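[1] what follows is a predicted structure for the sequence shown.
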Amino acid sequence: MAGIETVDGGNWETFISHDPAAVLVLARSGCPACAAWTEEIERRLSEDPQALGAVRVGKMLLDRPGLADFKRANPWLASEVDVVPFNVLYHEGQRVKSFPGGGIDRLENRLSRLLG
């Protein structure tokens with residue numbers, strides 16, 4: 001994939017339905033850890049555009065308006081997302097894994113296990 005896509009209230013359903021998988025990074029504006037994680041992913045993808053295969057990577061800023069439908073459709077957000085960045089892996093439109101923090105090796109390993 002080319003880089004990190006912007007995901008918002010208007011495109012999240014299409015984004016998570018990507019075949020074979022999608023990674024959604026949940027973040028907040030002004031979050032230094034979120035910015036560092038974004039830079040790490042972008043750096044890996046610039047070094048090797050196929051590093052994550054055909055997996056789409058997107059970033060959603062949770063403090064932006066227009067996410068009411070996303071938040072209603074994902075009630076686990078309130079109980080599971082204590083820190084950002086928070087990564088959610090989707091396979092065939094279903095949430096299959098999630099984890100806080102960064103780490104490109106960690107992400108690649110989880111995707112490898114998910115996609116075989």
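    Arrived safely.

[2] quick check, pLDDT for the closest residue to residue 93 other than its chain neighbours.
    Closest residue in space to residue 93, ignoring its immediate chain neighbours: residue 17 at 4.2 Å, by C-beta to C-beta, 6 or more residues apart in numbering. Placement of C-beta: from N, CA and C, glycine included. Model confidence at residue 17, given as pLDDT, is 93.

[3] tell me who's in contact with residue 17.
    The neighbours of residue 17, taking C-beta atoms under 8 Å, 6 or more residues apart in numbering as the test, are 90, 92-93.

[4] in PyMOL, how would I select just the buried ones from the residues you listed?
    A single PyMOL command selects the buried members of the contacts of residue 17 (16 or more other C-beta atoms under 10 Å):
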select buried, resi 90
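
[5] nearest to residue 3 among the contacts of residue 17?
    Closest to residue 3 out of the contacts of residue 17 is residue 90 (18.0 Å), distances taken as C-beta to C-beta.

[6] doesn't that closest one lie inside a helix?
    No. Counting by DSSP: H, G, I helix; E, B strand; the rest coil, residue 90 falls outside a helix, being strand.
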